[in-house]
Every structure is written in C-alpha cells, then in structure tokens.
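J.: A predicted structure for the sequence below; I have some questions about it.
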Amino acid sequence: MKTKVFIDGSAGTTGLQIYERFAKRDDIEILQIDEEKRKDNAARKEIINSSDITFLCLPDAAAVEAVSLIENPNVRVIDASTAHRTDPAWDYGFPELSAEHRANIAKSKRVANPGCYASGFISLVYPLVQAGVLPEDYPLVSHAVSGYSGGGKKMIAAIEGADKTFEMASPRQYALAQSHKHLPEMQKVCGLRYKPMFNPIVDDYYCGMVVSVPLITRSLAKKYTPADIHEILAAHYDGQNFVKVMELGGAETLPDGFLAANTLAGTNNMQIFVFGNDEQILLASRLDNLGKGASGAAVQNMNIMLGLDETTGLI
C-alpha cells in the first residue's frame, strides 16, 4: 500500500524539491489540492487529515495553523518551517546526532526538520559539547556562506530577474543584528548557555553551503589538537550514510586548498572537515541547503518514520 503524502506549501522551494523527489517513487501517493483551494482551511483540513504524512513547507504562522487543523491521531507531520524546532513536544529531525535522536524520529508523530545553517553548525558543535570538549558557555562564533536559493522564491526571483542589482553579484553578509531565525535552534539543540555569534553570507550561486566554526585552543578546558578533534568527530559519525568526516586537513578532498560551497549541490550528503593547528582549529560543515539542509533531510526523516531504508529516494 502506498503512503499518502500531502505537501502543504508545495509551490515553495522546499516543497517543490520534496515533490520532485517523490515523483520518482512508486511507494508514495501525493495528495493534491486544487490551486484555488490551497489557502482554504476547510479543504486543507480535509486533505491533511486524510494523509499518512503531511509536510509543512510554510511560513511559521501558517505551519502552526496547519497543525491546529489535525484531528486524525494517525497523521504524522514533518515541519520544514522554524515554528517547532525548539518545541519540546516535537522531535528534532537530525538522526545522525545520536541513537536517541534517530529512535525518537522513528516513533514520532511530529518531527521538526532542521534549518540549513543550523544543520551545519549543530553537526560540528553538538558532538563536541557531548564529548566535554566545549563547555556550555564557550563563546562560539560561526561564519557561513550559502547559495541564494536559501532566501526562497523572492530572493531567487530578484537575483535571476532582469532587475538584478550590481551588489547582488557579490557576497552579501546579512542578519547583522545577530537575530537570525536559526539561532534559538543552534543554542537549544547544542545545549549552549548563550547564543553563538552567527555571520551568514549569501552569494551569487544557486545552492550549497559551508558553515564554519573556529576554536581557540587556549580557551578550552584542556589542550586539544586538530587530530584530537578529528578523532572525536569521526567516532561520533562513524557508519552514517549521509554525514562523513573527511580526512584531517582536507588535503585529499581539497587538493587546491579551496573549500567550495556548491560541491554537494543536489545531494543529501554532508562533509565535515577539521583544519588548523594546535593554537587555532577550524571546523567546517559542507552541505546542500536544499538537500541535507531542507528537502533531503525531510525525505530522510520520512523514510525513518516509515521504517524504510533512510537512503530510499536519496541516492
């Protein structure tokens, strides 16, 4: 029997990506809503409650509204918005973080899909907090660069349109007031006492991102070398399908010494790197903001919830 899936917000970037992935699968029945009724709550309520799994690819307020329409206790939800990522009643959809995260997703009725930048940051920081390397009050800083698809339909239209400005052809730093919407999620999931300082940059390419976190070893409780940190991260992600810790220093993967941000575009993969020296260690996480940072992660979570091989439809 096919799994009945409804994508609420299928016209958005993430919704379209999920739709395209499911269109190639014969185990999924995609429930459709008439275009003129996609904002009709009565029609949405009917189709959501007839689904096995509903994906919410909506603004936060609309995602909360959609959840309020659910009456069928068997409906399972994967929310790609920011609305429920720090809600303790929801399970955080990053299965590689721990066996507990994976088990919770498998049995969950409500899964909050991680944010793209947050996925990169958390992939680096969470294991080191758990291992006791980073204290909960460590003054973390993170720099990140992403393709413009992360800005959604409005930004895509602006950059690809005839009215593209001169400045749009350059990297542009934003969220300068330190209020980026992924910050609460970064802090809570990692168990940090304070929010990190986060400096995102959007650049003139479509998709892919790198999130980096520097560590100053003299500020840690004990001395760690890059090899020590690499060993901890490699052990944490050992055996995972989509998250791989690359060789120390990245010499084999990055023969020219450049860490490009678009290498993993179109995949659900994540690569973790450890660079630097005994005084300054640089961690970096590379992923596709539309893949492991959005639609790919959502499909992976659905596969786990359904008891399928998590790689189904993703390789």
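T.: Ah, there it is.
J.: CA only for contacts and neighbour counts going forward, please
T.: Fine.
J.: and E185, how far is that from S212?
T.: 17 Å (Cα to Cα, to the nearest Å).
J.: Distance from stretch 165-185 to the middle of the chain?
T.: Centroid displacement of stretch 165-185 relative to its chain, using Cα atoms, centre = their mean, to the nearest Å, is 17 Å.
J.: Quickly list what A284 is bridged to.
T.: S212, F273 (DSSP bridges).
J.: and L282, that's in a helix?
T.: No: assessed with DSSP: H, G, I helix; E, B strand; the rest coil, L282 is strand; it does not lie in a helix.
J.: For it, give me its contacts.
T.: S212, V213, P214, L215, V274, F275, G276 (Cα atoms under 8 Å, 6 or more residues apart in numbering).
J.: which residue sits closest to it, ignoring its sequence neighbours?
T.: P214 (4.5 Å; Cα to Cα, 6 or more residues apart in numbering).
J.: which secondary structure elements does the helix or strand containing the one you found contact?
T.: P214 belongs to strand 209-216 when assigned by DSSP states H and E. Packing partners of strand 209-216 (3 or more Cα pairs under 8 Å, 6 or more residues apart in numbering; DSSP states H and E): helix 116-130, strand 141-147, strand 280-287.
J.: Name the next helix or strand downstream of the last one, please.
T.: Which is strand 280-287. helix 296-305.
J.: elements contacting that next one?
T.: By 3+ Cα pairs under 8 Å, 6+ apart, helix 296-305 packs against helix 13-22, strand 76-79, helix 99-107.
J.: And the nearest residue to H182 once chain neighbours are set aside, how far from A11?
T.: In this structure, H182 finds its nearest non-sequential neighbour in A118, 5.9 Å apart by Cα to Cα, 6+ apart. From A118 across to A11, the span is 24 Å (Cα to Cα).
J.: Looking at these two, which is more packed in?
T.: The residue with more neighbours, out of A118 and A11, is A118; 20 against 16, by other Cα atoms under 10 Å.
J.: In a markdown table, list the helices and strands packed on strand 209-216 along with distance to N104 and mean pLDDT.
T.: Output for these, formatted as a markdown table (distance: least, Cα to Cα, whole Å; pLDDT from 0 to 100):
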| stretch | distance to N104 | mean pLDDT |
| --- | --- | --- |
| helix 116-130 | 17 | 98 |
| strand 141-147 | 28 | 98 |
| strand 280-287 | 24 | 98 |
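J.: can you count the residues close to R21?
T.: For R21, the number of neighbouring residues by other Cα under 10 Å comes to 15.
J.: mind listing what it touches?
T.: G313, L314.
J.: Quick check: pLDDT value at it.
T.: pLDDT, the model's per-residue confidence, is 91 for R21.
J.: all numbers from here: first residue = 868
T.: That works, and once the first residue is 868, the last one we named lands at R888.
J.: pull the CA atoms of stretch 1157-1171 into PDB?
T.: The C-alpha coordinates for stretch 1157-1171 follow below in PDB (Å, rounded to 0.1, in the frame of the first residue of the first chain):
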ATOM      1  CA  LEU A1157      18.200  22.400  -0.400                       C
ATOM      2  CA  GLY A1158      19.300  18.800   0.400                       C
ATOM      3  CA  LYS A1159      20.600  17.900   3.900                       C
ATOM      4  CA  GLY A1160      19.600  21.400   4.800                       C
ATOM      5  CA  ALA A1161      15.900  21.100   3.700                       C
ATOM      6  CA  SER A1162      14.100  18.600   1.400                       C
ATOM      7  CA  GLY A1163      16.700  15.800   1.500                       C
ATOM      8  CA  ALA A1164      16.600  15.800   5.300                       C
ATOM      9  CA  ALA A1165      12.800  15.900   5.300                       C
ATOM     10  CA  VAL A1166      12.600  12.800   3.000                       C
ATOM     11  CA  GLN A1167      15.300  11.000   5.100                       C
ATOM     12  CA  ASN A1168      13.200  11.700   8.200                       C
ATOM     13  CA  MET A1169      10.100  10.300   6.500                       C
ATOM     14  CA  ASN A1170      11.900   7.200   5.500                       C
ATOM     15  CA  ILE A1171      13.000   6.600   9.100                       C
END
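J.: Name the surrounding residues that touch that stretch.
T.: 881-882, 884-885, 920, 945, 947, 960-962, 969, 972-973, 978, 980-984, 986, 1016-1017, 1074-1075, 1132-1137, 1154, 1176-1181.
J.: What of stretch 1017-1034?
T.: Contacts for stretch 1017-1034 (Cα under 8 Å, 6+ apart): G879, T880, Y1015, S1016, M1035, D1071, C1074, N1156, L1157.
J.: how about that stretch as PDB, C-alpha atoms only?
T.: Only the C-alpha atoms of stretch 1017-1034 are listed here, as PDB (Å, rounded to 0.1, in the frame of the first residue of the first chain):
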ATOM      1  CA  GLY A1017      18.200  29.600   0.700                       C
ATOM      2  CA  GLY A1018      16.400  33.000   0.500                       C
ATOM      3  CA  GLY A1019      13.300  31.500  -1.000                       C
ATOM      4  CA  LYS A1020      11.200  32.400  -4.100                       C
ATOM      5  CA  LYS A1021      11.500  36.200  -3.600                       C
ATOM      6  CA  MET A1022      15.300  36.200  -3.500                       C
ATOM      7  CA  ILE A1023      15.600  33.700  -6.300                       C
ATOM      8  CA  ALA A1024      13.400  35.900  -8.500                       C
ATOM      9  CA  ALA A1025      15.400  39.000  -7.600                       C
ATOM     10  CA  ILE A1026      18.800  37.500  -8.400                       C
ATOM     11  CA  GLU A1027      17.600  35.700 -11.500                       C
ATOM     12  CA  GLY A1028      15.500  38.600 -12.800                       C
ATOM     13  CA  ALA A1029      16.100  41.500 -15.100                       C
ATOM     14  CA  ASP A1030      16.300  43.900 -12.200                       C
ATOM     15  CA  LYS A1031      19.300  42.200 -10.500                       C
ATOM     16  CA  THR A1032      21.400  44.900  -8.900                       C
ATOM     17  CA  PHE A1033      25.200  45.300  -9.100                       C
ATOM     18  CA  GLU A1034      25.500  44.400  -5.400                       C
END
